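Student: have a look at this fold, sequence not included:
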Ligand code: FRU
């Protein structure tokens, strides 16, 4: 179970459950001014158990209101991960012209993994469809995490589903009758593990529309555990074709703690939220009465790099209205708050650290070889899990994707440290558990740094 920590480590900007266990974000959908966030939830303990869908809503992706549990386990099984869409034209006929339904599609995890739907007319209470499952299965062992999207090529609903070491694609006119249209994988399965929580969506570029396929893959413990790979390619309305050569996997986040990230349906921007912890130690984090946190929501886009072609870029969504002050920081300064942003500009190597009264220290920077590094080995309580304390999970060093001048945005929030380098071309999410708040910042190197306190009431 979640270990007894010195503090509650409750972040101000990041979503956490009111109490008990949280893992993957589910059913990310926007409708009528509300962002819905459903999540894998076990309401009776701070460890994983029979899965429910927890629920919260927000108007700005920062302040969340907790709502009653949306979906409970039943005879078909636990309610595993899935997605939701706003069925504006009532294609499912589960609502009406005047009151279109939100339709959620999820995996029933019982003896088998099968796909089911539920709908809501008020966005709060959900009714399970009477003839579930809508995609029965008695053959494939791992068959889960349906992500529904609009298929503009066939003018119908599309869906991508993890099926063992690959994904399957489906199409539907009404969100109820689904027909399989194609498969992708297992090429590019660097982890050789089970594929989970896929997502497929288009992004515009100067070379036309490109499609991005996200696949979360549990890497072995020797290889940093939970990670989310992405492929860039084309979607023909039936299946996905990758532009990658599969030599080198690319991850949506190069930090230690980002998994099962998926994007919002029905928003103009492509906004992603991920589970901000690694399966390898998720149920041992020292957060007392709750366990689990989401990453800060980020907007995705594609940028053409000189050396590497198109790469996915992640930028945190705006928190500007919560910023109360801005000051320039000198090479040794005090930290006044536990929730703040830093902007760093420079072109030479630098190293920065946050320290607290106990002498615990979080270190990061850019080295002489143009690698971005992070060291959380002495950042706070690290011995709650032997995996967290391992070198592979304590220090990282990843090359930048461009040379010269850099800009870095940092979002620090009590126990969450997120770093966006070169406008988000590289980004890193990870948790740290300092026994008392970091109260000092120091750096070496020729950089300019501004500090912004963030207050969320
Ligand atoms: C990913 C995952 C999903 C599954 C869910 C169960 O973290 O394993 O594949 O639906 O968690 O909670």
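Tutor: Perfect, thanks for sending it. Values in this document were obtained by computation on a predicted structure and should not be read as measured data. Numbers count the residues shown, from 1 in each chain.
Student: tell me the residues of the stretch 251-400 of the chain that contact the ligand?
Tutor: Counting by C-beta under 6 Å from any ligand atom, the stretch 251-400 of the chain comes close to the ligand at 259, 260. In this view, the C-beta of every residue, glycine as well, is placed from N, C-alpha and C.
Student: for the stretch 251-400 of the chain, just list every one of the strands.
Tutor: Along the stretch 251-400 of the chain, the stretches classed as strands by DSSP state E, counting those that start in this stretch are 259-263, 271-275, 290-291, 298-305, 309-316, 323-328, 332-334, 339-346, 350-355, 361-366, 371-378, 395-399.
Student: would you mind giving the ones you listed as JSON lines with distance to residue 102 added?
Tutor: As requested, those are exported to JSON lines (distance: least, C-beta to C-beta, whole Å):
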{"stretch": "strand 259-263", "distance to residue 102": "16"}
{"stretch": "strand 271-275", "distance to residue 102": "17"}
{"stretch": "strand 290-291", "distance to residue 102": "26"}
{"stretch": "strand 298-305", "distance to residue 102": "23"}
{"stretch": "strand 309-316", "distance to residue 102": "26"}
{"stretch": "strand 323-328", "distance to residue 102": "33"}
{"stretch": "strand 332-334", "distance to residue 102": "47"}
{"stretch": "strand 339-346", "distance to residue 102": "32"}
{"stretch": "strand 350-355", "distance to residue 102": "41"}
{"stretch": "strand 361-366", "distance to residue 102": "40"}
{"stretch": "strand 371-378", "distance to residue 102": "39"}
{"stretch": "strand 395-399", "distance to residue 102": "38"}
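Student: list the contacts for the closest residue to residue 235 other than its chain neighbours?
Tutor: Nearest residue to residue 235, sequence neighbours excluded (C-beta to C-beta, 6 or more residues apart in numbering): residue 211, at 4.1 Å. Contacts for residue 211 (C-beta atoms under 8 Å, 6 or more residues apart in numbering) come out as 200, 201, 202, 203, 232, 233, 234, 235, 240.
Student: distance-wise, check the last one relative to residue 420.
Tutor: Meaning residue 240. Residue 240 sits 27 Å away from residue 420, taking C-beta to C-beta, to the nearest Å as the criterion.
Student: now swap in the fifth one and tell me
Tutor: Counting by C-beta to C-beta, the gap between residue 232 and residue 420 amounts to 20 Å.
Student: which one of the two is surrounded by more residues?
Tutor: Counted by other C-beta atoms under 10 Å, residue 232 and residue 420 do not tie: residue 420 has more neighbours, with 22 against 19.
Student: that one is in what secondary structure piece?
Tutor: For residue 420, the host element (DSSP states H and E) is strand 416-421.
Student: and that strand with strand 361-366, angle?
Tutor: Strand 416-421 and strand 361-366 meet at an angle of 10 degrees, taking axes from the mean of the first three to the mean of the last three C-alpha atoms, to 10 degrees as the criterion.
Student: about what we covered before: distance from the chain centre to whichever strand or helix holds the residue nearest to residue 235, please.
Tutor: Using DSSP H and E, the secondary-structure element containing residue 211 is strand 208-218. Relative to its chain's centre, strand 208-218 lies at 13 Å (C-alpha atoms, centre = their mean, to the nearest Å).
Student: what comes up buried for it?
Tutor: By neighbour count on 16 or more other C-beta atoms under 10 Å, the buried set for strand 208-218 is 210, 211, 212, 213, 214, 215, 216, 217, 218.
Student: so does whichever helix or strand comes after that strand get close to the ligand?
Tutor: Taking DSSP H and E as the definition, the helix or strand that follows strand 208-218 towards the C-terminus is strand 226-235. No - remark: strand 226-235 sits outside contact range of the ligand, by C-beta under 6 Å from any ligand atom, the gap being at least 7.2 Å.
Student: sorry, back to before: hmm, which of the contacts of residue 211 are the buried ones?
Tutor: Buried positions within the contacts of residue 211, assessed by neighbour count (16+ other C-beta under 10 Å), are 200, 201, 202, 203, 232, 233, 235, 240.
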